[in-house]
Structure formats: C-alpha cells, structure tokens
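Q: Okay, sequence plus prediction incoming.
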Amino acid sequence: MNTHFKILLLSLSLGLLASCKPVQNLVDSQAPIPAQYRDVAETDTTSIASIPWKTFFTDPALQQLIDTALRNNYDMQVALKNIEAARLVVSQSKLGYLPEARLQATGSINRPSDNSLNGLSLSQFLGKSYVEDYSLGIGLSWEADIWGKIKNQQSRALAGYLQTTEAKKAIQTNLVANIARGYYNLLMLDAQIAIAEKNLLLNDSTLRIINLQFQAGQVTSLAVQQAKAQRLVAVQIIPFLQQNIAIQENALSVLTAAAPAVVRRTSSIGSIVFARDLSTGVPAALVSNRPDVRAVELQLTIANANAGIAKANMYPSLAITTAAGINSFKASNWFNIPASLFGAVAGSITQPLFQRKQLKTQYELAKIEREKSVFIFRQSVLNAVGEVSDALVKTTKIKEQESVAATRVNTLQQAIRNADLLFRNGMATYLEVISAQSNTLQGELELAALKKDELNAVVDLYRALGGGR
C-alpha cells in the first residue's frame, strides 16, 4: 500500500509539472522607424553623434566648462551612485542559483509537569525531572529554477543596471547641450552689449550736433528731445543685457556645481563655426545612439522579466532542504562524534491553489505594464525622430533668416553712414538720422540673436542624434 501511494504521488507530481508550460514573456517591441528623416536623403550611416564632445566643441573656455560640469555636477554624481547601487543588485542576483545556507546553534532545557506523561517518563528513564537539548548544525535550502524565475530576476537586475548607465549618459548629453547653449547665449549677450555701446556712441555724436543746431536756432527743442529719447533706448538696453549675462553666468556656475561667478569666454559669437556637413545618419541608429531611448527599451526588458516572474509564481515550486550537525540531550555528550551526528534531507513541491486570484491578478497587471512599456518605447523613438527633424529644419531655415538679416544690417549700416553725412551737410533731417540709428540697432541685435539660434540649432541636432558622450 505504501509503495502504491508513493507511485501515485509521484505520478500526480509529474503530471502537474508537465501540465505547466515554460514562461513565454517576450512581445514584439518593433518601433515604427522611418527609413530617412524628413526632407533628408541621407545615405551615409555615420552621424555627428559619433563625434566626441571635445572634438565637436572647439572653444577652450566651453570645453573647460563642460569638463568641470561632467566631473562636479550633482545630477551626474547621483547618477553614478545609482550605477553603483544597480551593480550591487546585479552581483547579488548572480547568486540566485546557489542554495541558501544557515548556521544555527541552540540550547534548551524543558521541565515538564511531574503528573504529565513526559514528566513520568523522564523520572523513569533519566532519573531527573527535566531534559536538555543542544544542537549545532548547518541547514541548506535550494529551489529549482524550473520556470525561469531566477533567470528573469537576473535579467531584470542586469537591465536595471544598464538602465542606470543609460540614464547617466542621458544626463551627460543634456548637460553638454545645456552648457553649450548657455555659453553661446553669453556670447550673444556680449555681442549685443557691444552693439548697444557702439550705437550709444553714435547717439551721443548725433545729440551733440543737434544741440549745436538748437543753440544756433536751426532746430527746435523737439529735435533735442527725440535725440535724447533715442539715446536712452541704447542706455536702457545695456543694464538689461548685463542682468541677463549675470543670470546666465549664475546658471552655468550652478551646472558646474560652483557658486555663481563670472564665466570666462575665449570666443565671440561670430567666430564660432561648425562643419558644413552635419551628417545625421539614418533614424534606425537613434535606438542605439540615444541613451534616453535605450533606457526606455531596457524598461521593456524589465517589464518582460516582471511578467515572467509573475507567471512563474503561479506554477509549482520544487524545494530541497538539508540539515546536518550534532545534537545531544546532555552538554557533556554534545561533541561526542560520531554518536551525536544527525542529518536530514527533504524535498517538497508546492502549488498555489487558492489565493483569491492574487497571483493571477499580479500576472495580468504585469502583462499590462509590459504592453504599456511597448507603447512608451515606440513613442520615445518617434519623439527622438521628431527632435532630429525639428533640429534639421531649424539649422536650414535659421541660416536663411541669418543671411537675409546680415544683408539687411549691411544696408542699414550704409544708410546710417549716408544719413550722418547728409545730416552734417544739411541735406537730411534729424528724424532720418534717428530712424536710421534705431533701425540699425534693432537689426544688429536681431542678427546676433539669429547667430545664437543657429548655434543652438546645431547643438540641438547634436544632442537629438545622441551626441555629447
């Protein structure tokens, strides 16, 4: 009867295990990636994203700012600590296939009632009213990874580690781009202050002539007032630009983890030139080049692993436990070997039966999270393609605007020279001179802003392609 029962139990266990299928937790995550960027017939697979930032940005002061920020920026420091923590989790997960081991030493004294069966037995066989028990042993427990639970846990830990490294890269690419944009903004503000100061000198010269004409009775006080008002336009711009310079310097200092201070500049806005060939490669490269897209893709791997773990929790688990050591009911005989040696081996198969659908619900939720991760990944790829396309159209159209603005400024500068010469010879009115000065000031300020926008568009393209590492 005993033999038949064992055979029946073994058959049921094998049938239960055979009825369960290995966990299939992979889903199609293919993102809709276009073959080419909009309005770009790019055949070369290389892009500026492969250029190191120290090669892409040649300004020495900008290089020093970026280098300092990458070393000291607190977001970067936090990212490095996250990598350290994730590395520890990966190291721990590699031990998942090893058994757990515990060393345990116990000692106890039990004194039963004299009127109990145990009390009477002790008095009869041991001649005392209490019993001692001393044990020292090692216990091992091991769970077979039949359904890939431990494998998925390791996959999740590794993806989490890689995700922290991609997060650090994403912080770096954004940091490089933000510092470059801030530095170019400073160069633009420097140029605009120089423009305002030059225009102020022109206004002073014009105002001096108009004052002489007013004293000679050739113009009215209205001419003097309008000339003074035009001069104050340039005067007002200067402190506004100085304010923006201080704010931008403070922002750059904070990014480098330093107290607000003056930021050194070694170039002018007009001297910064990038290569004409800003190759973009193909959109498919964004998945590997963009650290933020790569991080989202790794999140899909984590979601896959979580679904596999949740499914494995619904299946039977096979556990084997062993224990060995020394045991004695007398302390004097505790280390009497081999008489005090003991050992035990046990195996168990556990199948969850009724847990109010908790395991089933956890699995269904894990599948939903996995499906959400697919959509998020696809959206991140589309966003990356859109950012590159935006940067491309900016680099093209801003150059066109800059070319028109440069021609306009040249014309206005010629007009202001002609107006000043005609005014000195009494062939132009003060209104024509003031108008020419006002238009020239505005045009030169706009040209400097467009030059900054052009540089920022190139920086945005570099970052959008995954450059800055």
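A: Arrived safely, thanks for sending. Residues are numbered from 1 along each chain as shown.
Q: Quick check: which element contains W142?
A: For W142, the element it lies in under DSSP states H and E is strand 131-143.
Q: Repeat that for A105.
A: Using DSSP H and E, the element containing A105 is strand 100-110.
Q: how about the helices in this structure?
A: If DSSP state H is used as the criterion, the helices of the chain fall at 2-18, 53-56, 60-72, 74-93, 117-125, 149-215, 221-255, 286-289, 291-312, 358-424, 430-464.
Q: now, of those, which is deepest in the fold?
A: Among these, the stretch with the highest mean neighbour count (mean count of other CB atoms under 10 Å) is helix 291-312, at a mean of 23. All C-beta spots, glycine's among them, are computed from the backbone N, C-alpha and C.
Q: Can you check what angle separates it from helix 358-424?
A: For helix 291-312 against helix 358-424, the angle between stretch directions is 170 degrees (axes from the mean of the first three to the mean of the last three CA atoms, to 10 degrees).
Q: and helix 291-312, what other elements does it pack with?
A: helix 149-215, helix 286-289, helix 358-424 (3 or more CB pairs under 8 Å, 6 or more residues apart in numbering; DSSP states H and E).
Q: Confidence-wise, which of these is weakest overall?
A: When these are compared by mean pLDDT, helix 286-289 comes last with a mean of 84.
Q: what does that one rub up against?
A: 31, 33, 47, 49, 281, 293-294, 297, 381, 384-385, 388, 465-467 (CB atoms under 8 Å, 6 or more residues apart in numbering).
Q: Give me the distance between stretch 401-416 and the centre of its chain.
A: Relative to its chain's centre, stretch 401-416 lies at 43 Å (CA atoms, centre = their mean, to the nearest Å).
Q: same deal with stretch 361-373?
A: Relative to the centre of its chain, stretch 361-373 is centred 24 Å away, using CA atoms, centre = their mean.
Q: what comes into contact with it?
A: By CB under 8 Å, 6+ apart, the residues outside stretch 361-373 that reach it are 25, 27, 29, 296, 299-300, 302-304, 306-307, 309-311, 313-314.
Q: quick one: which two of those residues are the most distant?
A: By the measure CB to CB, the contacts of stretch 361-373 have their two most distant members at V296 and M314, which lie 28.2 Å apart.
Q: hmm, back to that, please spell out which residues along the strand holding W142 are buried.
A: V131, E132, Y134, S135, L136, G137, G139, W142, E143 (16 or more other CB atoms under 10 Å).
Q: Could I get the residues you listed in TSV, plus columns for distance to I434 and pLDDT?
A: Written out in TSV, the entries for the buried residues of strand 131-143 read as follows (distance: CB to CB, whole Å; pLDDT from 0 to 100):
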residue	distance to I434	pLDDT
V131	113	77
E132	111	78
Y134	106	81
S135	103	86
L136	101	84
G137	100	84
G139	95	83
W142	91	79
E143	88	78
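Q: ok so, going back, so for D59, which of the helices and strands packed on helix 291-312 sits nearest?
A: Comparison of the helices and strands packed on helix 291-312 against D59 by CB to CB identifies helix 149-215 as nearest, at 7.3 Å.
Q: and that closest one, what other elements does it pack with?
A: Against helix 149-215 (3+ CB pairs under 8 Å, 6+ apart) you get helix 60-72, helix 74-93, helix 221-255, helix 291-312, helix 358-424, helix 430-464.
Q: between those, which gets nearest to P112?
A: Closest approach to P112 among these (CB to CB): helix 358-424, 42.3 Å.
Q: what's the angle from that closest one to helix 430-464?
A: Put simply, helix 358-424 runs at 150 degrees to helix 430-464, going by the same axes, to 10 degrees.
Q: which residues does the most centrally placed residue in the chain contact?
A: Central residue check for the chain by CA atoms, centre = their mean: the C-alpha nearest the mean position is that of A167, 3.3 Å away. Contacts were defined as CB under 8 Å, 6+ apart; by that measure A167 touches A79, N82, P291, A295.
Q: re the thing from before, and which of the contacts of stretch 361-373 is nearest K451?
A: Distances from K451 to the contacts of stretch 361-373, taken by CB to CB, are shortest for V296, at 35.0 Å.
Q: re earlier: and the helices of the chain: which comes nearest S328?
A: Checking the helices of the chain against S328 by CB to CB gives helix 117-125 as the closest, at 15.8 Å.
Q: tell me the mean pLDDT over that closest one?
A: Model confidence over helix 117-125 averages 70 on the pLDDT scale.
Q: same question, stretch 301-321
A: Stretch 301-321 carries an average pLDDT of 85.
Q: quick check, distance from it to the centre of its chain.
A: Its chain's average C-alpha position is 29 Å from that of stretch 301-321, according to CA atoms, centre = their mean.
Q: what's the answer for stretch 131-146, then?
A: With CA atoms, centre = their mean, you get 45 Å for stretch 131-146.
Q: Need the residues that contact that stretch.
A: Stretch 131-146 has contacts (CB under 8 Å, 6+ apart) with 17, 96-112, 122, 150-151, 315-331, 334, 342.
Q: Can you select the buried ones among these for me in PyMOL?
A: The PyMOL command for the buried members of the contacts of stretch 131-146 (criterion: 16+ other CB under 10 Å) is given here:
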select buried, resi 112+122+150+151+315+316+317+318+321+322+323+325+326+328+334
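Q: on that earlier part again, of all the helices and strands packed on helix 149-215, which one is nearest A177?
A: With CB to CB as the yardstick, what comes closest out of those is helix 430-464 (4.0 Å).
Q: Which neighbouring elements make contact with the closest one?
A: Against helix 430-464 (3+ CB pairs under 8 Å, 6+ apart) you get helix 149-215, helix 221-255, helix 358-424.
Q: could I get those helices as CSV with distance to P60?
A: Conversion of the helices and strands packed on helix 430-464 to CSV gives the following (distance: least, CB to CB, whole Å):
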stretch, distance to P60
helix 149-215, 11
helix 221-255, 15
helix 358-424, 24
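Q: and the least confident of the contacts of helix 286-289?
A: Minimum pLDDT across those is recorded for A31, with 70.
Q: Am I right that that one is in contact with A384?
A: No: contact status for A31 versus A384: not in contact, 9.6 Å apart, counting by CB atoms under 8 Å.
Q: hang on, the earlier thing: for the helices and strands packed on helix 291-312, which one sits closest to L62?
A: Nearest to L62, of all the helices and strands packed on helix 291-312, is helix 149-215, at 4.8 Å by CB to CB.
Q: between the closest one and helix 60-72, how big is the angle?
A: Orientation of helix 149-215 against helix 60-72 (the same axes, to 10 degrees) gives an angle of 140 degrees.
Q: That concludes my questions; thank you for your assistance.
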